[in-house]
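J.: Any chance you could fold what I've pasted below:
(one chain, ligands or ions: 1)
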Amino acid sequence: MNPSGQDTALLRCRSIGKLYGEAQILRDVSLDLYPAEIVALLGPNGAGKSTLLTCLVGLILANDGDIELFGQDIQQLDTQNRIQTGFVPQEFSGFSWMRVKQLLKLIAGFYPASGRHWKKLEDWADLDSSKKVQELSGGQRQRLAIVLAMRHRPRLLILDEPVSQLDPQARQDFLSLLQEHAREQEAAVLLSSHIVSDLERICSRFLVLHHGRIIAEWPRETLQPGEAESRFLAMTRDSN
Ligand SMILES: Nc1ncnc2c1ncn2[C@@H]1O[C@H](COP(=O)(O)OP(=O)(O)OP(=O)(O)O)[C@@H](O)[C@H]1O
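T.: Alright, predicted model coming up:
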């Protein structure tokens, strides 16, 4: 599946395996992400979604398999490609004593001075930049994590439950921005969420991870409205 008509995957992984101690968390996971597509990662609690997403951005090492970003091995990724990636973790932690404006400035320093700051995204986040990170609410902290990951408009974006703490209006507006980002930047986006109706709104493909394996892949055009959720529930219930 390649919605942009371009052959080059921005992310390609093959046969990823991950162990924590003796426990096999991921098994033989392969996937490609292409420009201008938003792909959903579904899976019940403990399926391995966060583990997979964290491996895909190189924050933890897989035990088996290969991961390439922009055609480069993830362990050899050069700075030029590294700054074209963005990651929203499931929980944003650290930097608690810093003021929001200090943190934004610090992170901006990793990107070229000419780097675009996506004003519309910052307006959406509506953060009080004079506050310390530890003074932010859970939802405000999630907005900050999103701004930090997306403000430089990365071509490859991985998001781990990015809307779990957002209020309904913020969530809807963010999903629209995410679509705009994928379209305008021809960005490849992979995101996990337990709110399947959100994913049905914006994703062109659904991957189902269960017990560390991808057990299904559905292009959106093969689904009726609401069918991703019902199929997912039936599939994970039956294979428990
Ligand atoms: N650092 C760790 N050390 C040991 N086991 C871990 C570690 N992190 C995760 N696990 C285990 O790996 C499995 C997958 O966890 P993961 O967080 O990837 O699942 P998930 O699909 O993201 O779940 P959720 O929907 O609840 O966020 C779980 O059984 C979890 O207990």
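J.: mind listing what's buried in stretch 43-62?
T.: 43-44, 47-58, 62 (16 or more other C-beta atoms under 10 Å). Where C-beta positions appear, they are placed from N, C-alpha and C, glycine not excepted.
J.: filter those by proximity to the ligand?
T.: The subset of the buried residues of stretch 43-62 within reach of the ligand, by C-beta under 6 Å from any ligand atom, is G43, A47, G48, K49, S50, T51.
J.: Which of those residues fall in helices?
T.: Mapping those onto helices (DSSP state H) picks out K49, S50, T51.
J.: circling back: among the buried residues of stretch 43-62, list the two that are farthest apart in space.
T.: With C-beta to C-beta as the measure, no two of the buried residues of stretch 43-62 lie farther apart than P44 and G58, at 25.5 Å.
J.: which bits of this protein sit near the ligand?
T.: Y20, I25, G43, N45, G46, A47, G48, K49, S50, T51, Q90.
J.: check contacts around the second one.
T.: By C-beta atoms under 8 Å, 6 or more residues apart in numbering, the contact list for I25 reads K18, L19, G48, T51, G212.
J.: who's D73 bridged to?
T.: Note on D73: beta-bridge partners E68, judged by DSSP bridges.
J.: what about it, how many neighbours?
T.: If you count neighbours by other C-beta atoms under 10 Å, D73 ends up with 10.
J.: same deal with the one 4 residues further on?
T.: The burial count assigned to L77 is 19, neighbours taken as other C-beta under 10 Å.
J.: is it true that it touches V57?
T.: No. Contact criterion C-beta atoms under 8 Å: L77 and V57 do not qualify, at 9.9 Å.
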